[in-house]
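Peer 1: attaching a predicted model along with its sequence, questions to come.
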Amino acid sequence: MFLIGVLGSVKQSRGYLEKLIEKWNAECKLLWFASEEEILQNKEEIDLWIVNIDQLKEREFECILESSIKKKRVEKTIVVKSGTVYHSVFIEDIVFAENNGRKIILHLEDKILEFYGKMEELGNELEKDFFRCHRGYLVAMSKIKGYDSSNIYLKNGESVFLAKRKYGEFTEKYKQYIENQK
């Protein structure tokens, strides 16, 4: 999650910023602060600060925001070898991973990659926002739309199996994940 702290409350700027974030389909959250005192009370780790929003120049701001988001995305990648080609994969693009024999099928936002590997090693390489919901599946918490006692439903319309013995652990971790996103 990319956090943007904004000092000011101009309604026109709020709408503009929200549309800009939607344009890049980035996982960003805007935190609005009315005063410097509110900023000092903030406990969040802000990635980008915007002040004097009334005098914001749109094109300059777009360039700054785009470069800040890209910089943060580059820091969070993994490299996988599919066939003879090495791929750099943004962790935030991973929807889920599926185990198929000795291969792992990595379901991304826009494509699927297959590579030889072990699910346990992949789980260790990915960040804490993934959950091993079954011995054959590793799911990104940010891509979850909903769940029931036997399935996890994803935002892209797919679903993965949720093992009965993992249900309690999953619900607890998912609740913690949701709380941390607020």
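Peer 2: All right, it came through fine.

Peer 1: okay, and the helix or strand of this structure with the least pLDDT?
Peer 2: When the helices and strands of the chain are scored by mean pLDDT, DSSP states H and E, helix 58-75 comes last with a mean of 68.

Peer 1: distance of the residue nearest to the spatial centre of the chain from Glu98?
Peer 2: The chain has Glu92 as the residue nearest its centroid, 4.4 Å off, counting by Cα atoms, centre = their mean. Distance from Glu92 to Glu98, counting by Cβ to Cβ, to the nearest Å: 18 Å. Backbone N, C-alpha and C define where each C-beta goes, glycine included.

Peer 1: same thing with Val80?
Peer 2: Where Glu98 is concerned, Val80 sits at a distance of 14 Å (Cβ to Cβ).

Peer 1: residues in contact with Glu169?
Peer 2: By Cβ atoms under 8 Å, 6 or more residues apart in numbering, no residues touch Glu169.

Peer 1: with adjacent residues omitted, what lies nearest to Val139?
Peer 2: Phe96 (4.4 Å; Cβ to Cβ, 6 or more residues apart in numbering).

Peer 1: the one you found sits in which helix or strand?
Peer 2: strand 94-100 (DSSP states H and E).

Peer 1: can you check Gly146 too?
Peer 2: Under the assignment here (DSSP H and E), Gly146 is part of strand 144-147.

Peer 1: residues touching that strand, excluding its own?
Peer 2: Counting by Cβ under 8 Å, 6+ apart, 152-155, 162, 170-171, 174 sit against strand 144-147.

Peer 1: then stretch 148-165?
Peer 2: So stretch 148-165 is contacted by 95-96, 98, 107, 109, 133-137, 139, 143-147, 167, 170 (Cβ under 8 Å, 6+ apart).

Peer 1: so how far is it off the chain centroid?
Peer 2: Mean-position distance between stretch 148-165 and its chain equals 18 Å (Cα atoms, centre = their mean, to the nearest Å).

Peer 1: gap between the two ends of that stretch?
Peer 2: Chord length of stretch 148-165, first to last residue, is 13 Å (Cα to Cα, to the nearest Å).

Peer 1: tell me the buried residues in that stretch?
Peer 2: 152-154, 159-162 (16 or more other Cβ atoms under 10 Å).

Peer 1: same check, this time on stretch 83-101
Peer 2: Buried residues in stretch 83-101, defined by neighbour count with 16+ other Cβ under 10 Å: 87, 89, 91-99.
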